[in-house]
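1. Kindly return the folded structure for what I paste below:
(one chain, ligands or ions: 2)
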Amino acid sequence: MPEPLFQKIALVGIGLVGSSLARVIRRERMAGTLSIATRRAETLARAQELGLGDEYFLDAAEAVRDADLVVISVPVGASGAVAAEIAAGLKPGAIVTDAGSTKTSVIREVTSFIPENVHFIPGHPIAGTEHSGPGAGFAELFEERWCILTPLPDTDAEAQAKLTRFWEGCGSRVDTMDPEHHDMVLAIVSHLPHIIAYNIVGTADDLEAVTKSEVIKYSASGFRDFTRLAASDPTMWRDVCLHNRDAILEMLARFSEDLSALQRAIRWGDGDKLFDLFTRTRDIRRSIIEAGQEVDVPDFGRHVLAHPKPESESA
Ligand SMILES: NC(=O)C1=CN([C@@H]2O[C@H](COP(=O)(O)OP(=O)(O)OC[C@H]3O[C@@H](n4cnc5c(N)ncnc54)[C@H](O)[C@@H]3O)[C@@H](O)[C@H]2O)C=CC1
Ligand SMILES: O=C(O)C(=O)Cc1ccc(O)cc1
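-> Ligands and ions are numbered 1, 2, ... in the order given. Down below sits the predicted model:
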């Protein structure tokens, strides 16, 4: 039997992302020992019931002792507290990474707690669903998805290569970005769509007082798609909004400007303008599909964007 990639992996946070990692780590035999820590006793008991790991701890510092890889998968607002908690237990030479949806805030809040002889390499799997908790995870979550690493200027190349191999073992393709760029890109492709969904579903909910159950009864698939995103975890998305504030506000400002232009076109009956925009956006969708970037995820009855296929596979 080949040696596992890591003798011991510790997962801090065992929700959708942490429990998906636990499942794929086990399937691919990437850890000699898999240690799991989370804050609440009920969540830990559920993880244990599901048989997600080999060892279970409420004290994260104990879980990370002797671990060669530590993955922090908690809402981004809790990353700093987790780093403070685990700092004393970290093994020299260990790799610490995270799965947080924002990167500059995580780096700001975590780095100072990480000892000099430990490699901190922030990361973000661009893979998820609207579900949360240890029961929501599945081993295939990361397959054919990007994982973005945002290494720090002094990141050790060997440690980064090993973390890259880990994500590839999970089925992902790995890219690197600088953290500010990551936060700007994710603000438009992920954070704004969720904020827009929360907003439109909230507006419809306010209207429901007037229209009674019509919002539910006649909800077309467009509205239903928004309700899926708007069902995402409130703690996670509160933290994303608070921790990627500047990039989100920048993207919201652009969005509002464009929405005002659309509003004006509708008010003044400018059909050409509407037609031009709707044609341009349809072309974008078509080019994504033609490039083979769209994959169907039958489990969730939804379409999500995956990474483009490499040249050799796209023929
Ligand atoms: N849900 C999604 O689709 C994706 C989420 N992410 C990011 O991954 C991270 C985890 O998200 P999910 O797994 O979806 O969340 P989740 O809500 O399913 O799980 C979060 C876990 O963190 C634990 N936790 C919370 N505070 C803690 C603390 N102070 N100490 C220890 N454990 C604590 C919770 O008990 C739970 O086990 C977040 O930073 C999120 O932004 C990244 C990609 C996709
Ligand atoms: O469920 C969806 O459509 C998502 O967009 C999942 C998701 C949520 C947050 C991330 O940081 C990455 C992916």
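
2. burial of whichever residue of the stretch 51-200 of the chain sits closest to ligand 1, as a residue count?
-> Nearest to ligand 1 in the stretch 51-200 of the chain, going by C-beta to the nearest ligand atom, is residue 128, at a distance of 1.8 Å. (Each C-beta comes from the backbone N, C-alpha and C, glycine too.) Residue 128: 21 surrounding residues under other C-beta atoms under 10 Å.

3. now it: how far from residue 164?
-> Separation of residue 128 from residue 164 (C-beta to C-beta, to the nearest Å): 20 Å.

4. circling back: correct me if wrong: the residue of the stretch 51-200 of the chain closest to ligand 1 contacts residue 15.
-> No. With contacts counted by C-beta atoms under 8 Å, residue 128 stays clear of residue 15, the gap being 10.3 Å.

5. coming back round to it: show me the contacts for the nearest residue to the residue of the stretch 51-200 of the chain closest to ligand 1 once chain neighbours are set aside.
-> With C-beta to C-beta, 6 or more residues apart in numbering as the criterion, residue 128 has its nearest non-adjacent residue at 6.4 Å, and that residue is residue 16. Contacts for residue 16 (C-beta atoms under 8 Å, 6 or more residues apart in numbering) come out as 128, 129, 131, 132, 133, 136, 137, 141.

6. how deep is the spatially closest residue to the last one that is not a sequence neighbour tucked in, by neighbour count?
-> Closest residue to residue 141 apart from its sequence neighbours, by C-beta to C-beta, 6+ apart: residue 20 at 3.9 Å. Other residues within reach of residue 20, judged by other C-beta under 10 Å, total 27.

7. what mean pLDDT would you report for stretch 191-200?
-> Stretch 191-200 shows a mean pLDDT of 97.

8. Could you give the separation of it from the chain centroid?
-> Computed by C-alpha atoms, centre = their mean, to the nearest Å, the chain-centroid distance of stretch 191-200 equals 16 Å.

9. just the helices in this protein please.
-> Along the chain, the stretches classed as helices by DSSP state H are 16-27, 41-49, 60-64, 79-86, 104-110, 157-169, 179-186, 192-211, 214-217, 221-229, 234-243, 245-267, 271-290.

10. Take those and lay them out in JSON lines including distance to ligand 2.
-> Output for those, formatted as JSON lines (distance: least, C-beta to the nearest ligand atom, whole Å):
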{"stretch": "helix 16-27", "distance to ligand 2": "9"}
{"stretch": "helix 41-49", "distance to ligand 2": "20"}
{"stretch": "helix 60-64", "distance to ligand 2": "22"}
{"stretch": "helix 79-86", "distance to ligand 2": "13"}
{"stretch": "helix 104-110", "distance to ligand 2": "12"}
{"stretch": "helix 157-169", "distance to ligand 2": "14"}
{"stretch": "helix 179-186", "distance to ligand 2": "7"}
{"stretch": "helix 192-211", "distance to ligand 2": "7"}
{"stretch": "helix 214-217", "distance to ligand 2": "21"}
{"stretch": "helix 221-229", "distance to ligand 2": "6"}
{"stretch": "helix 234-243", "distance to ligand 2": "7"}
{"stretch": "helix 245-267", "distance to ligand 2": "13"}
{"stretch": "helix 271-290", "distance to ligand 2": "15"}
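
11. re earlier: most neighbours among the contacts of residue 16, which one?
-> With neighbours taken as other C-beta under 10 Å, the top of the contacts of residue 16 is residue 137, carrying 26 neighbours.

12. Pretty sure that one sits against residue 13.
-> No. Using C-beta under 8 Å, residue 137 makes no contact with residue 13, being 11.3 Å away.
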